[in-house]
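Asker: Structure, please.
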Amino acid sequence: MSKIIAVTSGKGGTGKSTVCAGLGYTLAKQGHRTLLIELDFGLRCLDIMFGIENEIKYDLGDVLNKRKSALDAVATVPMATNLSLLCAPKTLTSVTAEQIVDICRSVKKYFEYIIIDTGAGINSHVFDIVQQANLILVVSTPDPVCIRDASLMSDEFYNRGNKSQRLIINKISKKVIGEALVNNLDEIIDKVGVQLIGVIPDDFKTTVATGKGTPIPTDSSALKAFDAISKRLGGEFVPLTVKTS
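Answerer: Numbers count the residues shown, from 1 in each chain. Have a look, this model is predicted:
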């Protein structure tokens with residue numbers, strides 16, 4: 001049975017898609033058959049991050065319009081043998097939560113993890129889709145606007161009965177903790193009101209790798225954080241790679 005994980009954020013710019021890419025990559029490297037489903041219609045980017053932009057023949061739009069089955073539209077990511085990607089369409093396309101559920105149901109026997117990269121923002125479309133997930137990963141940065149939006153989004157999930165939530169704090173650096181934006185990471189956790197599962201440092205090596213579509217270097221601090229979070233998703237006890245205070 002696949003574990004369906006929805007990665008979401010209340011505001012654009014949190015690095016949500018990079019988080020999806022990092023988790024998908026590390027889960028696959030750990031030997032787990034993993035599928036990324038990208039729902040950021042008109043703004044897809046995961047194909048670029050994995051260096052397969054020119055190799056995508058079909059996307060989610062072909063599945064929704066019944067031109068291809070979900071499995072036939074999935075692309076294999078060469079840099080990680082166990083990783084597959086179902087890209088968002090390049091143009092805006094309507095989709096319902098029921099359609100995403102049907103797609104997950106049709107492919108779940110082939111994958112251990114299905115990670116859904118939702119569109120950013122607080123709207124009913126995102127809430128309806130995320131309700132189908134086994135786990136919701138709420139992504140925030142130390143930016144006060146992102147923190148507030150993450151809190152509002154999380155509260156709405158709780159109101160809808162989605163209690164299985166975890167927080168990922170992204171783009172952490174010494175410049176913003178204790179000096180510029182927040183006193184410490186515990187302050188972010190308290191304001192969002194969601195249990196922490198991981199902290200990802202602002203890492204130039206990862207930015208370059210995802211921009212060029214090349215594997216994240218093994219000495220990347222962000223890659224170590226993604227690897228730790230992926231292991232926690234599987235139930236392992238792994239210490240944080242970045243301290244919360």
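
Asker: Only C-alpha atoms from now on, for both contacts and neighbour counts.
Answerer: OK.

Asker: Please name every helix or strand in contact with the lengthiest helix in the chain.
Answerer: As assigned by DSSP state H, the longest helix anywhere in the chain is helix 144-159. Applying 3 or more CA pairs under 8 Å, 6 or more residues apart in numbering; DSSP states H and E, we find helix 144-159 packed against strand 135-140, helix 185-192.

Asker: Give me the distance between residue 220 and residue 144.
Answerer: 26 Å (CA to CA, to the nearest Å).

Asker: what do you get for residue 237?
Answerer: For residue 237 relative to residue 144 (CA to CA), the value is 30 Å.

Asker: And the two? Which one has more around it.
Answerer: Shown here are residue 237 and residue 144; by other CA atoms under 10 Å, residue 144 has more neighbours (14 against 11).

Asker: Would you tell me what the next helix or strand after the longest helix of the chain is?
Answerer: strand 165-172 (DSSP states H and E).

Asker: who does that next one pair up with?
Answerer: strand 135-140 (parallel), strand 196-201 (parallel) (DSSP bridges).

Asker: looking at those, which is buried most?
Answerer: strand 135-140 (a mean of 26; mean count of other CA atoms under 10 Å).

Asker: neighbouring contacts of that one?
Answerer: 4-10, 14-16, 130, 146-147, 150, 154, 164-170 (CA atoms under 8 Å, 6 or more residues apart in numbering).

Asker: Could you rerun that using 7 Å?
Answerer: Here strand 135-140 makes contact (CA atoms under 7 Å, 6 or more residues apart in numbering) with 4-9, 14, 16, 146-147, 150, 164-170.

Asker: which stretch among the strands paired with strand 165-172 comes nearest residue 50?
Answerer: strand 196-201 (19.2 Å; CA to CA).

Asker: Tell me the helix or strand right after that closest one.
Answerer: Per DSSP H and E, the first helix or strand lying C-terminal to strand 196-201 is helix 204-212.

Asker: And the next helix or strand past that next one?
Answerer: helix 221-233.

Asker: helices or strands up against that following helix?
Answerer: helix 16-29, strand 196-201 (3 or more CA pairs under 7 Å, 6 or more residues apart in numbering; DSSP states H and E).

Asker: Report the angle between it and strand 165-172.
Answerer: 170 degrees (axes from the mean of the first three to the mean of the last three CA atoms, to 10 degrees).

Asker: Buried ones in the least confident helix or strand in the chain by mean pLDDT, by neighbour count?
Answerer: Least confident helix or strand of the chain, by mean pLDDT, DSSP states H and E, is helix 124-130 with a mean of 72. The neighbour-count check on helix 124-130 (16 or more other CA atoms under 10 Å) flags 126-127, 129-130 as buried.

Asker: Help me confirm that residue 198 comes into contact with residue 168.
Answerer: Yes. Using CA atoms under 7 Å, residue 198 makes contact with residue 168 at a distance of 5.0 Å.

Asker: Just the CA atoms of the least confident helix or strand of the chain, as CSV, please.
Answerer: Taking Å, rounded to 0.1, in the frame of the first residue of the first chain, the C-alpha atoms of helix 124-130 are listed here in CSV:
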residue,chain,number,x,y,z
SER,A,124,-10.5,25.0,-1.6
HIS,A,125,-8.8,23.3,-4.5
VAL,A,126,-5.7,22.6,-2.4
PHE,A,127,-7.7,21.6,0.7
ASP,A,128,-9.9,19.1,-1.3
ILE,A,129,-6.9,17.4,-2.8
VAL,A,130,-4.8,17.3,0.4
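
Asker: residues in contact with it?
Answerer: Under CA under 7 Å, 6+ apart, the answer for helix 124-130 is 6, 97, 118-119.

Asker: again, 10 Å this time
Answerer: 4-10, 39, 94-101, 116-121, 136-137, 153, 156-157, 160, 162 (CA atoms under 10 Å, 6 or more residues apart in numbering).

Asker: now do stretch 146-163
Answerer: 8-14, 121-123, 126-128, 130-141, 144-145, 164-167, 169, 187-194.
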